[in-house]
Structures are given as C-alpha cells and as structure tokens.
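Student: Kindly generate the corresponding structure for this input.
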Amino acid sequence: RESVVHGDGEYADEDVHVNPCESHGSLLRPWLSPHRGISKDKLTQYLRAFQLRRKLLRKPGREALKHAVKATL
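Tutor: I've put the predicted structure just below:
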C-alpha cells in the first residue's frame, strides 16, 4: 500500500504516512507568502527554486557551490 486516505479518517498505515509532505508544506508556505498571486503555470518553477535553496542551505560551502553550478548548467 502506498497511500492513506484522509477522507476515510486514515492518517497513517504502518510505514505509509504524509508527515514528510506536511513538513515540507509547513516550510514552503512562509517562503511562498511574499510571492502572492503566483500562477499555477509558474508554481513548478517556484517549487524547484525552493528545493534548490533547501539543498544548498544543507550543504557546506564548497559542496553547495558545486551543487549550485551543476543546477544552473
């Protein structure tokens, strides 16, 4: 089984849950709030920028720079 159905009152089933998704959502909402009025067409670009920023902030200096250069090429 790969999913839970909140509409059926399910929130977890052994290893299947939505905690990582909800965690990312709680970090994403404040980051997106200054960008009010983004279109659905641009949402993917905003999400990719958010992902890249999170990856870079988790890496030490030189490794972050390599990752940034690789992402832009």
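
Student: now the strands: where do they sit in this protein?
Tutor: Secondary structure of the chain (DSSP state E): strands at 12-13, 16-17.

Student: Pull the contacting residues for the residue nearest the centre of the chain.
Tutor: Central residue of the chain (CA atoms, centre = their mean): His24, 4.9 Å from the mean position. The contact partners of His24, taken as CB atoms under 8 Å, 6 or more residues apart in numbering, number zero. From N, CA and C alone the C-beta is placed, and that goes for glycine too.

Student: can you pull the pLDDT of it?
Tutor: Looking at His24, its pLDDT stands at 72.

Student: again with Lys55
Tutor: We have a pLDDT of 79 for Lys55.

Student: Not including adjacent chain positions, what is the nearest residue to it?
Tutor: Excluding the flanking residues, the one nearest Lys55 by CB to CB, 6 or more residues apart in numbering is His67, at 6.2 Å.

Student: Hmm, Leu57 and that neighbour touching each other?
Tutor: No - using CB atoms under 8 Å, His67 is not in contact with Leu57, being 10.7 Å away.

Student: Next one: Arg58 from Glu2, what distance?
Tutor: For Arg58, the distance to Glu2 (CB to CB, to the nearest Å) stands at 27 Å.
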